[in-house]
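Enquirer: next one to model:
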Amino acid sequence: MKRKHILTLVALCLIFSGSMGLTTNIAGLFTTPIANDFGVGRGDVSLAMTIASLTGAAGGMAFPRLLRKNNFKLLLILASSLTVGSLLLMSVCNQLWLYHAANVIRGFSTGFTGTVMVTMVVNNWFFKSNGLFNSIVMGCSGVSCAIFSPIFSNVITRHGWRAGYIASAIVVGLMLLPMILLKTGVQPEDVGEIPYGGQVNKAAFKLPEKKPKLSVKLLLLCFLYSALGGTLTAVAQHFPGVADSYMLPAAVGAAMLSATMITNTSGKILLGFLTDRIGLIRSALIVSVLTAGGVVMIAFLHSGTALIIGAALAGLMYSLVTVGVVTMTRETFGLASYGSAFSKITFGCSLAYALSTAGVGYLYDLLHSYQPIFYMMLVILAVMTLITFVVYGSKDRVLSN
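Expert: Have a look, this model is predicted:
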């Protein structure tokens, strides 16, 4: 591996950490303080995450359409400026509608620097061990959240949520900067390099003039799997609220979120490691059982230690939504149809996450309990496992990658 490959990988880790880890994954830290300050329900504030997720999905789909050979850096500069600017705008919002408007901007801009862009660059730069490098980059969003979640929680507690957004804007800006400054591109050929693993036969990876027809049944099943996974991960944003509902200190909720983000990263690497050796079906089953165990602990054991351990186990669900979806898409539709299928399938995750983030908040406001939500998570895990068996048992799958 050349120096440029390593630098590109590091820059990808940082930009994904900033665009996802420190904007989306820590949003739950701000929900309760903002709701209390504005005198509204948590669901009203959580709606901002729904808005950001929907506009983020739109930004992710817009990125490849707007991308040209020589405008990659321009798009990154524009997206980074809007991301930092929107976070600063949130810090001065004094009305809920303005806060939601800022999240429209934040969501769309982070969609440009999110999963679609990152996986495009990884797939072009790293031919060998592609799955491993994808899991490393995507896992970094959990690392950054685990590191900065208690820091931002402390800033919010001491100085208020407005100061928390200012601190977030500074850190996110620094994380987005290396990808802009580094001489790199979507393809290594753009900067005179070749992919890690040797020269790739580009003809083998070009889509045919006539796009292969996707199996509607499998596409819907994978879409449903992704959407259910998006619903699961939306609950994690409410872990600080869960601790608060159990009358525990805010530090416990922050620790739960940090523990979740740690296994967000390690779980992706674990699932990738297991999948390479025993296949996705068995690997996903193991991860699902561990995740279910964590959900049960959070639902029935209300001590701080038990909640943190349960949150750590529950954080494994992120691997099902990322590495699991990527692997299932690639092995179900093949490389030729991967891009077309993946953009549709991941939209299901974004849509479900968007709706569920606010939905969980409103459900809590209605029931004053997170207990029914935990039962729902167990049902979702069971359905996702069933979908995996059905998809991998279908005769319509593309068996060759």
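Enquirer: leaving out sequence neighbours, find the closest residue to the residue nearest the centre of the chain.
Expert: With distances taken as CA atoms, centre = their mean, the residue of the chain nearest its centroid is residue 20 (6.1 Å). Counting by CB to CB, 6 or more residues apart in numbering, residue 20 lies nearest to residue 141, which is 4.0 Å off, once chain neighbours are set aside. From N, CA and C alone the C-beta is placed, and that goes for glycine too.
Enquirer: give me the number of residues near residue 9?
Expert: For residue 9, the tally of surrounding residues (other CB atoms under 10 Å) stands at 20.
Enquirer: for it, which residues are in contact?
Expert: With contact set as CB atoms under 8 Å, 6 or more residues apart in numbering, residue 9 has these partners: 125, 126, 133, 136, 137.
Enquirer: do you know the pLDDT at it?
Expert: What the model reports for residue 9 is a pLDDT of 93.
Enquirer: identify, from the contacts of residue 9, the entry nearest to residue 344.
Expert: residue 137 (21.8 Å; CB to CB).
Enquirer: my guess is that closest one contacts residue 10, does it?
Expert: No. In this structure residue 137 lies outside contact range of residue 10 using CB atoms under 8 Å: 9.7 Å.
Enquirer: the more surrounded of the two?
Expert: residue 137 (26 against 15).
Enquirer: and that one, what element?
Expert: Using DSSP states H and E, the element containing residue 137 is helix 130-159.
Enquirer: which secondary structure elements does that helix contact?
Expert: Using 3 or more CB pairs under 8 Å, 6 or more residues apart in numbering; DSSP states H and E, the elements in contact with helix 130-159 are helix 3-16, helix 28-38, helix 115-125, helix 161-181, helix 250-300, helix 323-367.
Enquirer: now render those as JSON lines, adding distance to residue 61.
Expert: Formatted as JSON lines, these follow (distance: least, CB to CB, whole Å):
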{"stretch": "helix 3-16", "distance to residue 61": "18"}
{"stretch": "helix 28-38", "distance to residue 61": "25"}
{"stretch": "helix 115-125", "distance to residue 61": "7"}
{"stretch": "helix 161-181", "distance to residue 61": "20"}
{"stretch": "helix 250-300", "distance to residue 61": "23"}
{"stretch": "helix 323-367", "distance to residue 61": "6"}
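Enquirer: domains in the chain, by residue range?
Expert: 1-188, 213-401 (automatic domain parsing).
Enquirer: the lowest-mean-pLDDT helix or strand in the chain: what's the following helix or strand?
Expert: Every helix and strand of the chain was ranked by mean pLDDT, DSSP states H and E. The lowest is helix 202-205, at a mean of 43. Next in sequence after helix 202-205, counting helices and strands by DSSP H and E, comes helix 216-236.
Enquirer: for the helix or strand just after that following helix, list every residue counted as buried.
Expert: Once the chain leaves helix 216-236, the next helix or strand it forms, by DSSP H and E, is helix 239-245. Buried residues in helix 239-245, counting neighbours by 16 or more other CB atoms under 10 Å, are found at 239, 240, 241, 242, 243, 244, 245.
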